[in-house]
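Participant: The following block contains a protein sequence and its predicted model.
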Amino acid sequence: MKVLVVDMTHGGLLISSEFMKIPDIEVLALDIYKSLDPLKVEELKNKGLTFLENLDDIKIYKNQIVESDLMIVAPVHCKLDHDVTLTHHEAVAFLLNDRIDIPVIEVTGVKGKTSIVWMLKEIFKDLNPLVLSSLGVEVFEDGEWKVLKRDISITPASIIEAWKLAEGHEKGICIFETSLGGTGLADVGILTNLVEDYPIANNSRTASEAKRQIFKSKAVACEIESYNSKYTEFHDKTNTFGNSINSNNRANLTASQIQFGFDKTNFQIDIVDFKTSNNYILNESFEVSTFAPAPIHIANILAAVCASLTIGVSIQKIKEGLNNFKGVKGRTSINKQDGIRIIEEINPGLNVISISKVISMTKDMDRVGVIFGGKYGVTCEEIDEESVADVLERINGGIPLILVDELGASVKNILKRNSNYSNDLAGAMENAVDNNLKNVLLIYRSNFSDLKKR
């Protein structure tokens, strides 16, 4: 059997290496983005990895062998004029299916993935979780979190790396954040939302098609609008969460009686016709208290609860885990500086919809200002500046707007409303102090690890 792994940039190198360990398999690689250093290519060739030069070589190679002997492995976002045998997600399941012998939760979707993973960390802490998120690989061991690696991608191949890094560590469950779908390893998969169904594979497919892979999981927790728009055929294995579309199409998990607070928000979770993995049907309600300073955070909590209930966690354990959740440093968190409360929304994946929802928090704050800005090039998808400017124009005119860094400078050239500009966050906070602000909403597009280096 011959296996051709396409795309060395997004995890293909690790997948190739794992296939090379299997007897009687010849592994070929196509570095479609030419990202590998030539010296690295030579090193890999010496270890037995055969490289094709370009896409045309696939057709030439297929003509030289019996086509059924060739397995093509390519990422779901890669457009090929050849039948793909396994996506990278499916290849990871193929390689790890017999090695992972503990429960698995996978989290995919457009927004909220990392926050949901961190809630699950608290809920499942007693099981010594192995956690992969955009903030790194961690295990909970001897009563503390141990970071095994920072600055890791959430391509499916990173699941292989996380599992290898955790060798020798006691672990009772895996919680994996994964881009563009699930591998099929999960006992329960979470689809957070489809707030932007962006194009992939040279505009030949959409993100929602790729995320369909999460339904290879044994059970799925899915945001209800996404479920209703794309995935209703998976009814038997799916529990939904979120606001009801209408009275006849209610989610299995909804929130009511919400009382927002900066440190703790209290609300009721209502459960209707909920299917658990041990074949129970739940219909009840319970109250939770957790960090959720704005409506945009409630759906993330419901997603974590939905997955936890599906896999059989007790309501008491869920309540305790959520009560211990304090937000995600580098995503949504609250700090204080110079007597000002700073509500931080720092995220490499900030887009127009998420920015609009975050800004809605200002209506409940007094003496509030907004700091907005960030970096380009932190994710594959760039941000629509014109649409962002439209959102910022709608901020109450009495609320100071302070723009910062590359993104802020670019948006300032579009805006018509009054604003100030600072080169860096330190200058922006000085501006906030000068404005005698009590609260600052900091919306910043960046990797948190990069932000700490500033």
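Facilitator: Looks like it arrived, so ask away. Numbers count the residues shown, from 1 in each chain.

Participant: From here on, just use CA atoms for contacts and neighbour counts.
Facilitator: OK.

Participant: wait, is residue 221 part of a strand?
Facilitator: Yes: counting by DSSP: H, G, I helix; E, B strand; the rest coil, residue 221 is located in a strand.

Participant: Let me see the ranges of the strands in the stretch 201-350 of the chain.
Facilitator: 205-206, 220-223, 238-241, 253-259, 265-275, 281-290, 332-337, 340-346 (DSSP state E, counting those that start in this stretch).

Participant: which residues sit against the helix or strand where residue 358 lies?
Facilitator: Element membership for residue 358 (DSSP states H and E) is helix 352-359. Residues outside helix 352-359 that contact it (C-alpha atoms under 8 Å, 6 or more residues apart in numbering) are 111, 195, 294, 296, 345, 383-384, 387-388, 391, 395, 441, 443.

Participant: that older thread, which one of the strands of the stretch 201-350 of the chain has the lowest average pLDDT?
Facilitator: Mean pLDDT is lowest for strand 205-206 among the strands of the stretch 201-350 of the chain, at a mean of 76.

Participant: Identify the residues contacting the residue most central in space within the chain.
Facilitator: Geometric centre of the chain, nearest residue: residue 113, 3.3 Å, by C-alpha atoms, centre = their mean. Contact partners of residue 113, counting by C-alpha under 8 Å, 6+ apart, are 107, 177, 192.

Participant: Which of the residues you listed sits closest to residue 39?
Facilitator: The closest of the contacts of residue 113 to residue 39 turns out to be residue 177 (C-alpha to C-alpha; 31.9 Å).

Participant: related to what we said a few turns ago, out of the contacts of residue 113, who's nearest residue 215?
Facilitator: Nearest to residue 215, judged by C-alpha to C-alpha, of these is residue 107 at 11.4 Å.

Participant: didn't residue 15 look like it was pressed against residue 94?
Facilitator: No: contact between residue 15 and residue 94 fails when scored by C-alpha atoms under 8 Å: they sit 10.4 Å apart.

Participant: So if I had to pick from those two, which one is more boxed in?
Facilitator: Under the neighbour definition other C-alpha atoms under 10 Å, residue 15 and residue 94 were set side by side, and residue 15 has more, 24 against 15.

Participant: Leaving out chain neighbours, which residue sits closest to that one?
Facilitator: Leaving out its chain neighbours, the residue that sits closest to residue 15 by C-alpha to C-alpha, 6 or more residues apart in numbering is residue 157, at 6.4 Å.

Participant: what's the neighbour count on the one you found?
Facilitator: Residue 157 has 22 neighbours, counted by other C-alpha under 10 Å.

Participant: Include mean neighbour count and distance to residue 366 when you put the strands of the stretch 201-350 of the chain into JSON lines, please.
Facilitator: Below are the strands of the stretch 201-350 of the chain laid out as JSON lines (neighbours: other C-alpha atoms under 10 Å; distance: least, C-alpha to C-alpha, whole Å):
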{"stretch": "strand 205-206", "mean neighbour count": "17", "distance to residue 366": "41"}
{"stretch": "strand 220-223", "mean neighbour count": "29", "distance to residue 366": "32"}
{"stretch": "strand 238-241", "mean neighbour count": "29", "distance to residue 366": "32"}
{"stretch": "strand 253-259", "mean neighbour count": "18", "distance to residue 366": "18"}
{"stretch": "strand 265-275", "mean neighbour count": "18", "distance to residue 366": "18"}
{"stretch": "strand 281-290", "mean neighbour count": "16", "distance to residue 366": "23"}
{"stretch": "strand 332-337", "mean neighbour count": "16", "distance to residue 366": "16"}
{"stretch": "strand 340-346", "mean neighbour count": "21", "distance to residue 366": "11"}
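
Participant: Relative to residue 376, which of those strands is closest?
Facilitator: Of those, nearest to residue 376 by C-alpha to C-alpha is strand 340-346, at 13.5 Å.

Participant: Can you check which helix is longest in this structure?
Facilitator: Longest helix of the chain, by residue count under DSSP state H: helix 295-310.

Participant: ok, back up a step: which one of the contacts of helix 352-359 sits closest to residue 362?
Facilitator: Checking these against residue 362 with C-alpha to C-alpha, the nearest one is residue 441 at 7.6 Å.

Participant: Show me what the closest one is bridged to.
Facilitator: residue 343, residue 370 (DSSP bridges).

Participant: Would you agree it is in contact with residue 367?
Facilitator: No: applying C-alpha under 8 Å, one finds residue 441 not in contact with residue 367, separated by 11.0 Å.

Participant: the more surrounded of those two?
Facilitator: Applying other C-alpha under 10 Å to residue 441 and residue 367 shows that residue 441 carries more neighbours, namely 22 against 15.

Participant: show me what contacts the more buried one?
Facilitator: Residues in contact with residue 441 (C-alpha under 8 Å, 6+ apart) are 342, 343, 344, 345, 359, 362, 368, 369, 370, 371.

Participant: Which stretch among the strands of the stretch 201-350 of the chain approaches residue 41 most closely?
Facilitator: Of all those, strand 205-206 sits nearest to residue 41, with 30.7 Å by C-alpha to C-alpha.

Participant: who does that closest one pair up with?
Facilitator: Its sheet considered, strand 205-206 pairs with strand 199-200 (antiparallel) by DSSP bridges.

Participant: and residue 28, what is it in contact with?
Facilitator: Residue 28 neighbours (C-alpha under 8 Å, 6+ apart): 2, 3, 4, 5, 16, 49, 50, 51, 52.

Participant: any idea which helix or strand carries it?
Facilitator: Taking DSSP H and E as the definition, residue 28 sits inside strand 26-30.

Participant: per-domain residue ranges of the protein.
Facilitator: As assigned by automatic domain parsing, the chain contains the domains 2-84, 104-324, 332-452.

Participant: and those domains, which is most packed in?
Facilitator: Among the domains of the chain, domain 104-324 has the highest mean neighbour count (mean count of other C-alpha atoms under 10 Å), at a mean of 20.
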